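In: Curious how this folds, go ahead:
(2 chains)
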2 protein chains.
Amino acid sequence: MRSEWETHTALDRDLDGSFAAELHPGWVVGGGVNGGYLLGTVGQALAETVPAKPHPLSVSAYYLSAATPGPAAVRTRVLRDGGSVATLSAELAQGPDTRITVLATYGDLERLPDDVATTATEPDLAPLDDCLPGSMAPEDVRRMAPLMERFDVRFDPACVGWVVGEPSGRGHIQAWFRLADEHPVDAVGLLMVCDALPPVTFDLGRPGWAPTLELTVHVRAVPAPGWLRVSHRTRNVASGMFEEDCEVWDSAGRLVAQSRQLAMLPRA
Amino acid sequence: MRSEWETHTALDRDLDGSFAAELHPGWVVGGGVNGGYLLGTVGQALAETVPAKPHPLSVSAYYLSAATPGPAAVRTRVLRDGGSVATLSAELAQGPDTRITVLATYGDLERLPDDVATTATEPDLAPLDDCLPGSMAPEDVRRMAPLMERFDVRFDPACVGWVVGEPSGRGHIQAWFRLADEHPVDAVGLLMVCDALPPVTFDLGRPGWAPTLELTVHVRAVPAPGWLRVSHRTRNVASGMFEEDCEVWDSAGRLVAQSRQLAMLPRA
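Out: Alright, predicted model coming up:
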């Protein structure tokens, strides 16, 4: 059976070689479609463009305009395909408007060396049962953010004071994460996971929409099935912008994705 | 008087709107031209494409093939120019071969809000006079890496054991940095600074060429004149790849650039 994620990112090939997508209204958050979902949709089109190199190694997206639910066209182009990696570009457009433009390197993570020498430490998350499920969010928040129905997210209580108006001020949000239908997240799905949680500025007492200018995701391994742990941090709020660093760890204790985005601070 | 950096990144406009560059042999390292110099050259072309938004806010480069000294063409394209930022794409090519392909967001850092709320901490670097100048490198290293003549780099002794075959194994290199002619580094110049030091894998006992797949630089402020402090770290060596995080701090104690690259591990 296809997972909800596979259904929502399914693509048809158009006669001109581009991909036809149907952006599902279930991914709306505030005034637009979630950027991680857009990136996952583009990531899927890229994977289908170079099937022998099915895994994103690095994907960089620049966000041009807010997307809306409904039809979208994804155009991909192979810039170089040789050796163990391929470099590609892509655009997702709705009518005349480009929503995001993307550069990416794809490869086959299963065929790369399996050495690991990580000095990064796993997120120090409270046990699952002590965390706060996103489903506890107030009704009006959930109406604004249907995308919350796509996940089962359990927020670490140490990082969730913003829910009751008491942000920690540390710029840190972390949570357990799985898809609502419990299907495992694949390598392309990690592109979405890196932009699924609320902006880390919530924890700085700056709630509101934080438009992404740029998001780069490095996928470092195919995730093992089971719960993921997701950590978002910011260290440098300046010039009306902030960086958001995300790490995704899998159930096997492996750092499977690292991302950084540059976003605009929500208006005070 | 023009600085060496300005001279080496000077561009002519071709009749078709592209920029003609002359890649200077002084930026060679090993078998190719330094990737940071390529990115700075492209960054200069982008700045000249949108003169009212002269500063790179975010620049993402994907490296396709090694460049050689001599003529190069830089093509830029404005994808969106509205409000306070412009998004652009660019390619640097030599003959039929694209060397790097780039997406970028430009703006005017002087016109953005001047709030700063950084929790990042300044690099803990030994005083300048206690550091090891790059000019002390052996003659054969300097012949391999003429780009070392472009800078005055002073390596922190705590991070430079690899010079005498005793890498710390922490994956950390940091140094004081200025241009050899002592001209201040500008916002575009920071694109080069983020890829100027030796790969952080030197400190892991893995010397050798570490080909960059992707490099994204966020420029967060126009640097104050004077010495810069540059720190490179890696935390996740896996699947034959590593990420390298760079921070650049200016003489006023401000975090002026953050970058991350994904690179291939040098062969053992």
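
In: For A:V50, which non-adjacent residue is closest in space?
Out: A:A86 (4.6 Å; Cβ to Cβ, 6 or more residues apart in numbering or on different chains). From N, CA and C alone the C-beta is placed, and that goes for glycine too.

In: That neighbour bridge partners, please.
Out: A:D81, A:Y106 (DSSP bridges).

In: That one contacts A:D108, doesn't it?
Out: No: using Cβ atoms under 8 Å, A:A86 is not in contact with A:D108, being 10.1 Å away.

In: Can you give me the distance of the residue nearest to A:V50 to A:P113?
Out: 18 Å (Cβ to Cβ, to the nearest Å).

In: Contact residues of the stretch 51-200 of chain A facing chain B?
Out: A:57-58, A:60, A:62, A:64-65, A:79-80, A:85, A:87, A:89, A:98, A:101-105, A:109, A:112-120, A:170-171 (Cβ under 8 Å from any Cβ of the partner chain).

In: one more time with 7 Å
Out: Within the stretch 51-200 of chain A, the positions near chain B by Cβ under 7 Å from any Cβ of the partner chain are A:57-58, A:60, A:62, A:64, A:79-80, A:85, A:87, A:89, A:98, A:101, A:103, A:105, A:109, A:112-120, A:171.

In: which ones among these are found in helices?
Out: Among these, no member falls in helices (criterion: DSSP state H).

In: Can you flag which of the residues you listed belong to strands?
Out: Secondary structure assignment by DSSP state E places A:57-58, A:60, A:62, A:79-80, A:85, A:87, A:89, A:98, A:101, A:103, A:105, A:116-118 of those in strands.

In: so where's the stretch 51-200 of chain A shaky on pLDDT?
Out: Across the stretch 51-200 of chain A, nothing is flagged by pLDDT under 70.

In: before we move on, back to that, and the residues of the stretch 51-200 of chain A next to chain B, which of them are buried?
Out: A:57-58, A:60, A:62, A:64, A:79-80, A:85, A:87, A:89, A:98, A:101, A:103, A:105, A:109, A:112, A:118, A:171 (16 or more other Cβ atoms under 10 Å in any protein chain shown).

In: Looking at A:A86 and A:D108, which is more packed in?
Out: Neighbours per residue, other Cβ atoms under 10 Å in any protein chain shown: of A:A86 and A:D108, the larger number sits with A:A86, 20 against 16.

In: wait, that one sits on A:A52?
Out: No: the pair A:A86 / A:A52 is not scored as a contact, 8.4 Å apart, by Cβ atoms under 7 Å.

In: can you pull out the helices in chain A?
Out: Using DSSP H, helices in chain A cover A:4-8, A:35-49, A:139-144, A:189-193.

In: Just give me the residue right at the centre of chain A.
Out: Taking Cα atoms, centre = their mean, the centroid of chain A lies closest to A:M192, which sits 2.5 Å from it.

In: how close does it get to chain B?
Out: 19 Å (Cβ to the nearest Cβ, to the nearest Å).

In: gap between A:E122 and A:V256?
Out: A:E122 is 12 Å from A:V256, by Cβ to Cβ.

In: Which neighbours do the two have in common?
Out: A:W249 (Cβ atoms under 7 Å, 6 or more residues apart in numbering or on different chains).

In: Among these two, which residue is more densely surrounded?
Out: A:V256 (26 against 13).

In: pretty sure the more buried one contacts A:V248?
Out: Yes: A:V256 is within contact range of A:V248, at 5.3 Å (criterion: Cβ under 7 Å).

In: list residues touching both of the two?
Out: The overlap between the contact sets of A:V256 and A:V248 (Cβ under 7 Å, 6+ apart) consists of A:L190.

In: which residues of the stretch 101-250 of chain A fall in strands?
Out: A:116-118, A:132-133, A:151-155, A:172-179, A:212-219, A:228-233, A:236-238, A:241-249 (DSSP state E, counting those that start in this stretch).

In: closest one to B:A72 among those strands?
Out: Across the strands of the stretch 101-250 of chain A, B:A72 has its closest neighbour in strand A:212-219 (24.7 Å, Cβ to Cβ).

In: Check which helices and strands the closest one sits against.
Out: helix A:35-49, strand A:55-63, helix A:189-193, strand A:255-264, strand B:55-63, strand B:212-219 (3 or more Cβ pairs under 7 Å, 6 or more residues apart in numbering or on different chains; DSSP states H and E).

In: Kindly recompute the last result at 6 Å.
Out: Helices and strands touching strand A:212-219, as assessed by 3 or more Cβ pairs under 6 Å, 6 or more residues apart in numbering or on different chains; DSSP states H and E, comprise strand A:55-63, strand A:255-264.

In: So for it, mean pLDDT?
Out: Average pLDDT, strand A:212-219: 98.

In: now the angle between strand A:241-249 and that strand, please.
Out: For strand A:212-219 against strand A:241-249, the angle by axes from the mean of the first three to the mean of the last three Cα atoms, to 10 degrees is 20 degrees.

In: Quick one: distance of strand A:212-219 to the chain centre.
Out: 8 Å (Cα atoms, centre = their mean, to the nearest Å).

In: ok, that strand: who's next to it in the sheet?
Out: Sheet partners by DSSP bridges: for strand A:212-219, these are strand A:55-63 (antiparallel), strand A:255-264 (antiparallel).

In: coming back round to it: what is the nearest of the ones in strands among the residues of the stretch 51-200 of chain A next to chain B to B:R142?
Out: A:A117 (30.1 Å).

In: Enumerate the beta-bridge partners assigned to the closest one.
Out: B:V237.

In: ok, it touching B:A238?
Out: No: in this structure A:A117 lies outside contact range of B:A238 using Cβ atoms under 6 Å: 7.2 Å.

In: Could you pull out the residues contacting both of the two?
Out: Both A:A117 and B:A238 lack any common contact, where contact means Cβ atoms under 6 Å, 6 or more residues apart in numbering or on different chains.

In: before we move on, the earlier item: and the furthest pair within the ones in strands among the residues of the stretch 51-200 of chain A next to chain B?
Out: Taking Cβ to Cβ, no two of those sit farther apart than A:T98 and A:A117, at 39.5 Å.

In: coming back round to it: deepest of the strands paired with strand A:212-219, which one?
Out: Across the strands paired with strand A:212-219, averaging neighbours per residue (mean count of other Cβ atoms under 10 Å in any protein chain shown) puts strand A:55-63 on top, at a mean of 27.

In: which residues are in contact with that strand?
Out: A:39, A:43, A:100-107, A:109, A:187, A:191, A:212, A:214-219, B:60, B:87, B:103, B:213-214, B:262.

In: and what of stretch A:251-268?
Out: A:118, A:120, A:190, A:194, A:201, A:206, A:208-221, A:223-224, A:226-227, A:240-250, B:58, B:218, B:236, B:260.

In: Mind checking the pLDDT average for that stretch?
Out: Here the average pLDDT along stretch A:251-268 is 93.

In: Can I get that stretch in CSV, CA atoms only?
Out: Extracted in CSV, the C-alpha atoms of stretch A:251-268 (Å, rounded to 0.1, in the frame of the first residue of the first chain):
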residue,chain,number,x,y,z
SER,A,251,16.2,5.0,15.5
ALA,A,252,19.6,3.4,15.0
GLY,A,253,21.4,6.4,16.5
ARG,A,254,22.7,7.7,13.2
LEU,A,255,22.8,11.3,12.1
VAL,A,256,20.9,10.9,8.8
ALA,A,257,20.4,14.5,7.8
GLN,A,258,21.9,18.0,8.5
SER,A,259,20.3,21.1,7.1
ARG,A,260,20.7,24.8,7.5
GLN,A,261,18.3,27.5,6.3
LEU,A,262,18.5,31.3,6.2
ALA,A,263,15.1,32.8,7.0
MET,A,264,13.6,36.2,7.7
LEU,A,265,12.6,37.0,11.3
PRO,A,266,8.9,37.2,11.8
ARG,A,267,7.8,40.8,12.3
ALA,A,268,7.7,41.7,16.0
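
In: ok, and which of the strands of the stretch 101-250 of chain A has the densest surroundings?
Out: strand A:212-219 (a mean of 26).

In: Give me the angle between that strand and helix A:35-49.
Out: Going by the same axes, to 10 degrees, strand A:212-219 makes 50 degrees with helix A:35-49.
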